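Trainee: Everything below, folded, please.
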Amino acid sequence: MFQVLIVDDEESVVEGVAATLPCPRLGIEAIHKAFSASEALATLAKHPVDLLITDIRMPGMSGLELMTRVQEISRTTKCILLTGYADFDYAKQAISGGALNYLLKPVDDEELITAVEQALEAKRQEWQGVVSRERTERTLQENLPLLRRNLLLELTQRKRLPPEVLEGRMQTLGLPFAHGDFIASLMVRLEEPFIQYDDYNLLLMEYAVTNIAEEVLQEHYTVWSCRDAHGYLVFALKPLHKQWTPEAAGDPAAASALQRPQATEILERLAGVIQNFIQATMKGNISVFGGAWGEFPAHLADMYEEGMLAFRRHIGGGFLLIQPQEDALARPIQAMYHLYEPPVLTDLLEAGRWDDFRSKIGRILAELAERFVGSGQHALEAYWAIAGALAYIAHKSGYGLFDLVTGDRNLLAFDSFHSIGQMQARILELVDLVQAELEGETRHAHHVMIRRIHSYIEQHLHNDVSLQAIAQEVFLHPVYVSQLYKNVMGESLSDYVLRQRMEKAAFQIKHSRKKVYEVAELVGYQHVPYFIRVFKKYYGMPPQEYRDAHS
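Mentor: Have a look, this model is predicted:
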């Protein structure tokens, strides 16, 4: 079904054209009306218009200009132009600009219907071409690598696909994997210095590492790879050698044979070749994990999660681990020292000792690098403690940590850290952000408090503006009010009150006829001789002399 837009500055023309078109016969589901080019553009922004019928001569933007704008917005929208002038130059501009037809007003009904029918048929044929088998196959070939990667990623995330659906997708994508195939897996994590690169260059490095790995592995395996959400490279490997391929997926003897040393040694050797080649040619480190063999696709997600666990346990270092030994994973776990050494992280934050907080983080991460090299468990413990302390101080200040970290949420994602150095940089960035936000809010709160104090003084200058009275007004201790004011404003509160009294007194003496005793009462002095002494000390002359000097 099509949508048509009719544009003319004469309402009668628009209504006439709309009434003429047999919508059901032509397959028109909606006719939109506009009485100027600006209205037409607004309609085009809201609706997917298939055909534009517009007058050429309109106030403001002409129909030819409108057609050009429409072609910029939607190149698939067809155009028919209407005009009351048989001008060959107009016709030539219209056709060269992409109009399908050029009709003279008043338009003959049959001629209009025929032109609209031809335009919509051209539109229909375009869509048929878009969905044609030839274009679909060409599009599939262009996107084949992406579709293959996405399917493998879905399987690692335990997406359940009926066997016939999975077989169909793999056949369409040209993947020589089938239900019951025994496969191995490798996972690769880029380490220093790759993880310091920006997103674009890191993607280039991942692409290069993937190509190198596939080149090395394809001698012994059919290789299928993808990149997961954490930036890890995942490889599903189907052996090419018949002695590694069991006749039946459920044959226990065949499954056991896959675990024999030869298969494991070859996979470990190839992984080492990949690692060494990247160190030599790309001057960077990668960590490689290869888990146990399994059945496709039933065990693929388990193999992936085993690799994720291995990467969490080992932070940085460029390790190579094929079928990890249980005894290595079961070593006694030792506790960290600096993480729990007093003063603890929350105590430092409560005291506002941000520099000491950073120093403690430095000691914690140095201990990680020295005593717990590659231990993802200890790194996670440290990260949770530091992030938890920051969340605590944010909550205590009336904010959520997510409210303060509105930009890069990777600052709060432990899985985004691939080395202790990267973890330290991200944590310190998070500390800087939280400190800046909280101190900014504190400064704002202080200035709000100062405005309340000034307002109170201004309204009660004739009365009691003692420190005790001001403190009661703002519900704070007098000593704290005095210190806060001094720190924020750079002058004492008593100096500010004196200045306000003297300036108001001087103004009244200069610009009013009030007696000196009246001015004294107005600014809070009940004892006139004392007011005169204070005024003389402040301005160098008594009030009356000051008035005479400025009269």
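Trainee: Can you verify Val234 is assigned to a strand?
Mentor: Yes. Counting by DSSP: H, G, I helix; E, B strand; the rest coil, Val234 is part of a strand.
Trainee: Now Glu154: which helix or strand?
Mentor: Assigned by DSSP states H and E, Glu154 falls within helix 144-156.
Trainee: what do you get for Arg169?
Mentor: Using DSSP H and E, the element containing Arg169 is helix 163-172.
Trainee: Sheet-wise, list the partners of the helix or strand Ser287 falls within with their directions.
Mentor: Here Ser287 sits within strand 286-290, counting by DSSP H and E. Using DSSP bridges, the strands paired with strand 286-290 are strand 182-190 (antiparallel), strand 320-322 (parallel).
Trainee: what packs against the next helix or strand along the chain from it?
Mentor: For strand 286-290, the following helix or strand on the C-terminal side (DSSP H and E) is strand 294-295. If you count contacts as 3 or more C-beta pairs under 8 Å, 6 or more residues apart in numbering; DSSP states H and E, strand 294-295 packs onto strand 182-190, helix 300-313. Backbone N, C-alpha and C define where each C-beta goes, glycine included.
Trainee: got a list of contacts for the helix holding Arg169?
Mentor: Contacts to helix 163-172, defined as C-beta atoms under 8 Å, 6 or more residues apart in numbering, come from residues 140, 151, 161, 177-179, 297.
Trainee: That one: which residues count as buried?
Mentor: 166, 170 (16 or more other C-beta atoms under 10 Å).
Trainee: Report the mean confidence score over it.
Mentor: Across helix 163-172, pLDDT averages out at 91.
Trainee: Dump it to CSV, restricted to CA.
Mentor: Taking C-alpha atoms only, helix 163-172 is exported to CSV below (Å, rounded to 0.1, in the frame of the first residue of the first chain):
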residue,chain,number,x,y,z
PRO,A,163,18.3,-28.2,15.1
GLU,A,164,16.6,-27.8,11.7
VAL,A,165,16.8,-24.0,12.1
LEU,A,166,20.5,-24.0,13.1
GLU,A,167,21.3,-26.5,10.3
GLY,A,168,19.5,-24.2,7.8
ARG,A,169,21.4,-21.1,9.0
MET,A,170,24.8,-22.8,8.9
GLN,A,171,24.1,-24.1,5.4
THR,A,172,23.0,-20.7,4.2
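Trainee: and Ile28, how many residues sit next to it?
Mentor: 19 (other C-beta atoms under 10 Å).
Trainee: Could you do the one 4 residues further on as well?
Mentor: When neighbours are defined as other C-beta under 10 Å, His32 has 18 of them.
Trainee: Next, work out how far apart it and Leu202 are.
Mentor: As judged by C-beta to C-beta, to the nearest Å, His32 and Leu202 stand 47 Å apart.
Trainee: got it, and Ile266?
Mentor: According to C-beta to C-beta, Ile266 and Leu202 sit 30 Å apart.
Trainee: quick one: contacts for Trp354?
Mentor: 348, 431, 435.
Trainee: One more pass at 6 Å, please.
Mentor: Gln435 (C-beta atoms under 6 Å, 6 or more residues apart in numbering).
Trainee: If you drop the residues flanking it in sequence, what lies closest to Ala394?
Mentor: Counting by C-beta to C-beta, 6 or more residues apart in numbering, Ala394 lies nearest to Leu401, which is 4.8 Å off, once chain neighbours are set aside.
Trainee: cool, Ala391 as well?
Mentor: In space, Ala391 is closest to Leu401, 4.4 Å off (C-beta to C-beta, 6+ apart).
Trainee: Now for the one you found, how many residues are close by?
Mentor: Neighbour number of Leu401 under other C-beta under 10 Å is 19.
Trainee: Please state the backbone phi and psi of Val465?
Mentor: Here the main-chain torsion angles of Val465 (degrees, to the nearest 10) amount to phi -120, psi 40.
Trainee: Tell me, how many residues neighbour it?
Mentor: Neighbours around Val465, by other C-beta under 10 Å: 23.
Trainee: just checking, it touches Ile457?
Mentor: Yes. In this structure, Val465 is within contact of Ile457 by C-beta atoms under 6 Å, at 5.1 Å.
Trainee: need the strands for this protein, in chain order.
Mentor: Counting by DSSP state E, one finds strands in the chain at the ranges 2-7, 28-34, 51-55, 78-83, 101-104, 182-190, 221-227, 233-239, 286-290, 294-295, 320-322.
Trainee: Which one of the ones you listed lies nearest to Ala445?
Mentor: Closest to Ala445 of these, according to C-beta to C-beta: strand 182-190, at 44.4 Å.
Trainee: what angle do that closest one and helix 144-156 make?
Mentor: Relative orientation of strand 182-190 versus helix 144-156 (axes from the mean of the first three to the mean of the last three C-alpha atoms, to 10 degrees): 100 degrees.
Trainee: Now do strand 182-190 against strand 221-227: the angle between them, please.
Mentor: Inter-element angle recorded for strand 182-190 and strand 221-227: 40 degrees (by the same axes, to 10 degrees).
Trainee: Run through who's touching strand 182-190.
Mentor: 232-238, 246, 258, 267, 286-291, 293, 296, 303, 307, 311, 418.
Trainee: still on that earlier bit, contacts made by the helix holding Glu154 with the rest, please.
Mentor: Applying C-beta under 6 Å, 6+ apart, the external contacts of helix 144-156 come out as 169, 173, 224, 226, 297, 300-301, 304.
Trainee: Just the buried ones from the residues you listed?
Mentor: Applying 16+ other C-beta under 10 Å to those, the neighbour count classes 173, 224, 226, 297, 300-301, 304 as buried.
Trainee: how does the chain divide up, domain by domain?
Mentor: 2-130, 142-323, 345-440, 460-550 (automatic domain parsing).
Trainee: so what's the nearest residue to Ala115 once chain neighbours are set aside bridging to?
Mentor: Among residues not flanking Ala115 along the chain, Asn101 sits closest, at 4.3 Å (C-beta to C-beta, 6+ apart). Judged by DSSP bridges, the bridge partners of Asn101 are Ile80.
Trainee: ok, Asn101 to Lys536 distance?
Mentor: Using C-beta to C-beta, Asn101 is found at 96 Å from Lys536.
Trainee: neighbour-wise, which of those two wins?
Mentor: Per other C-beta under 10 Å, whichever of Asn101 and Lys536 has more neighbours is Asn101, with 19 against 14.
Trainee: isn't that one right up against Ile113?
Mentor: No. Taking C-beta under 6 Å as the definition, Asn101 is not a contact partner of Ile113, at 11.7 Å.
Trainee: residues near the closest residue to Asp356 other than its chain neighbours, how many?
Mentor: Distances taken as C-beta to C-beta, 6+ apart place Leu348 nearest to Asp356, at 5.1 Å, with adjacent residues excluded. Leu348: 20 surrounding residues under other C-beta under 10 Å.
Trainee: Repeat that for Leu153.
Mentor: For Leu153, the neighbour count with other C-beta under 10 Å is 16.
Trainee: What's the per-residue pLDDT of it here?
Mentor: Leu153 carries a pLDDT value of 93.
Trainee: Any figure for the gap between it and Ala229?
Mentor: Applying C-beta to C-beta, the value for Leu153 to Ala229 is 8 Å.
Trainee: again, but for Val523
Mentor: The gap separating Val523 from Ala229 is 69 Å, by C-beta to C-beta.
Trainee: quick one: which of these two has more around it?
Mentor: Legend: neighbour count by other C-beta under 10 Å for Val523 and Ala229, higher for Val523 (23 against 10).
Trainee: Now do the same contact list for the more buried one.
Mentor: Listed by C-beta under 6 Å, 6+ apart, the contact set of Val523 reads 461, 501, 504-505.
Trainee: before we move on, what about Asp302?
Mentor: Asp302 neighbours (C-beta under 6 Å, 6+ apart): none.
Trainee: Just name the shakiest helix or strand of this protein by mean pLDDT.
Mentor: Every helix and strand of the chain was ranked by mean pLDDT, DSSP states H and E. The lowest is helix 326-329, at a mean of 39.
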